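In: The following comprises the amino acid sequence and a computationally predicted model.
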Protein chains: 2
Amino acid sequence: MSELPPLDVRLPADGVSVRRTVTEADVLAFAELSGDRNRVHTDAAYMAGTRFGGRLVHGAFLLALVSTASTRLIEETGGFAVAYGHDRVRYLAPTFLDDTVTVHYRPAQVDAASGKVTSEVEVHNQHGDLVTVGTHTVWFLPENPDERTSP
Amino acid sequence: MSELPPLDVRLPADGVSVRRTVTEADVLAFAELSGDRNRVHTDAAYMAGTRFGGRLVHGAFLLALVSTASTRLIEETGGFAVAYGHDRVRYLAPTFLDDTVTVHYRPAQVDAASGKVTSEVEVHNQHGDLVTVGTHTVWFLPENPDERTSP
């Protein structure tokens, strides 16, 4: 790993943030779109009787917001990049319907030779609780292979 | 790690599968819901001129299908579980609009003491290409803490 930027892009050192209030409509739309209608996310009466006391936002919805953050980062660079992977994603605390979450997405490791940029991800709720952590890697590459040797 | 099932649940040894054709409407709905309107997913004319030749499905959409698979597994056990995390997720090959993907989700490691079950995830497309790999962990726990000592 190197501190040099990959290819020609300049990364915002402080990273980017995405803030979002996740509504009941959001969660139900996500359940329909993904097919994940787990009672944890959809059954208000059942969840009221559990240790959580209410329905939870899908973890995968939070990862969708991480994807949104990565796009903001990529757009700030003006470069071309695609998602490469995730590591050590942990849902540390529940996210409830109507919570307002903030995703902090900060470049932490740059592999200049391959164009891969790994960012540290932290998601906090409106109470300041750290609800999700992990890393996300995007791969900056030429739009067309003939721009340079294929990575 | 132990081969014993956590708590009282019985896991399907062969795991579960989720098959899905991901349409343009799905990808555009996911872009709106997540806020990730990256041109990689939304700009047909631009992407036609890139190395990919067309728009790509969000990686996070594939992880939403992994979440759906985990719910099928949990429902088969009759137990109560929530998402705990992801490790070593890699997007090995692009997934294009109108591709039909199959998520294979197979329990691989069981921590009977804590109730955590880690499954190996493989996503193939209709050509048999392995497009995404990784692991996903769910946490089986009592619906209410007073059912037993809190995990």
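Out: Here it is on my side, so go on. Since the structure is predicted, the reported quantities are computational estimates derived from the model, not experimental observations.

In: Tell me where the model's unsure across chain A.
Out: Applying pLDDT under 70 to chain A flags the ranges A:1-7, A:146-151.

In: how about the helices in it?
Out: A:24-34, A:39-42, A:44-48, A:59-77 (DSSP state H).

In: which one of those is the most hemmed in?
Out: Neighbour counts (mean count of other C-beta atoms under 10 Å in any protein chain shown) averaged over each of the helices of chain A peak at helix A:59-77, with a mean of 24. C-beta: built from backbone N, CA, C; applies to glycine.

In: Who are the contact partners of the most centrally placed residue in chain A?
Out: For chain A, the residue nearest the mean C-alpha position is A:Val66 (1.3 Å; C-alpha atoms, centre = their mean). Contacts for A:Val66 (C-beta atoms under 8 Å, 6 or more residues apart in numbering or on different chains) come out as A:His86, A:Val103, A:Tyr105, A:Val121, A:Val123, A:Gly134, A:His136, B:Ala60.

In: Skip the chain neighbours and tell me the closest residue to the first one.
Out: Put plainly, it is A:His86. The shortest distance from A:His86 to any non-neighbouring residue, by C-beta to C-beta, 6 or more residues apart in numbering or on different chains, is to B:Val89 (4.0 Å).

In: How about the contacts made by the one you found?
Out: Each residue near B:Val89 by C-beta under 8 Å, 6+ apart is listed here: A:Gly85, A:His86, A:Asp87, A:Val89, B:Gly59, B:Leu63, B:Val121, B:Thr132, B:Val133, B:Gly134, B:Thr135.

In: Please repeat the previous calculation with a cut-off of 7 Å.
Out: Shown in contact with B:Val89 (C-beta atoms under 7 Å, 6 or more residues apart in numbering or on different chains): A:Gly85, A:His86, B:Gly134.

In: May I ask which of those has the most neighbours?
Out: A:His86 (26 neighbours; other C-beta atoms under 10 Å in any protein chain shown).

In: List the residues that contact that one.
Out: Taking C-beta under 7 Å, 6+ apart as the test, what A:His86 contacts is A:Gly134, A:Thr135, A:His136, B:His86, B:Val89.

In: go again using 10 Å as the cut-off
Out: Residues counted as contacts of A:His86 (C-beta atoms under 10 Å, 6 or more residues apart in numbering or on different chains) are A:63, A:66-67, A:118, A:121, A:134-137, B:59-60, B:63, B:85-91, B:134.

In: Ok, A:Trp139 next?
Out: A:6, A:80-85, A:111, A:114-117, A:151, B:91.

In: Distance check, it against A:Ser114.
Out: Noted for A:Trp139: a distance of 7 Å to A:Ser114, by C-beta to C-beta, to the nearest Å.

In: can you give me the strands in chain A?
Out: Secondary structure of chain A (DSSP state E): strands at A:16-21, A:81-91, A:100-111, A:116-124, A:130-140.

In: Each with direction, which strands does the shortest one pair with?
Out: So the one you mean is strand A:16-21. Using DSSP bridges, strand A:16-21 pairs in its sheet with strand A:100-111 (antiparallel).

In: angle of the strand it pairs with against helix A:59-77?
Out: Using axes from the mean of the first three to the mean of the last three C-alpha atoms, to 10 degrees, one finds that strand A:100-111 and helix A:59-77 are set 60 degrees apart in direction.

In: Compute the distance from the centre of strand A:100-111 to the centre of its chain.
Out: Relative to the centre of its chain, strand A:100-111 is centred 8 Å away, using C-alpha atoms, centre = their mean, to the nearest Å.

In: and it with strand A:130-140, angle?
Out: Following the same axes, to 10 degrees, one obtains 40 degrees for the angle between strand A:100-111 and strand A:130-140.

In: got the angle for strand A:100-111 vs strand A:116-124?
Out: 160 degrees.

In: Could you dump the contacts of A:Trp139 into a markdown table and include distance to A:Val18?
Out: As requested, those are exported to a markdown table (distance: C-beta to C-beta, whole Å):
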| residue | distance to A:Val18 |
| --- | --- |
| A:Pro6 | 23 |
| A:Phe80 | 21 |
| A:Ala81 | 17 |
| A:Val82 | 19 |
| A:Ala83 | 15 |
| A:Tyr84 | 19 |
| A:Gly85 | 19 |
| A:Asp111 | 24 |
| A:Ser114 | 26 |
| A:Gly115 | 23 |
| A:Lys116 | 21 |
| A:Val117 | 17 |
| A:Pro151 | 27 |
| B:Tyr91 | 20 |
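
In: Okay then, goodbye and thanks.
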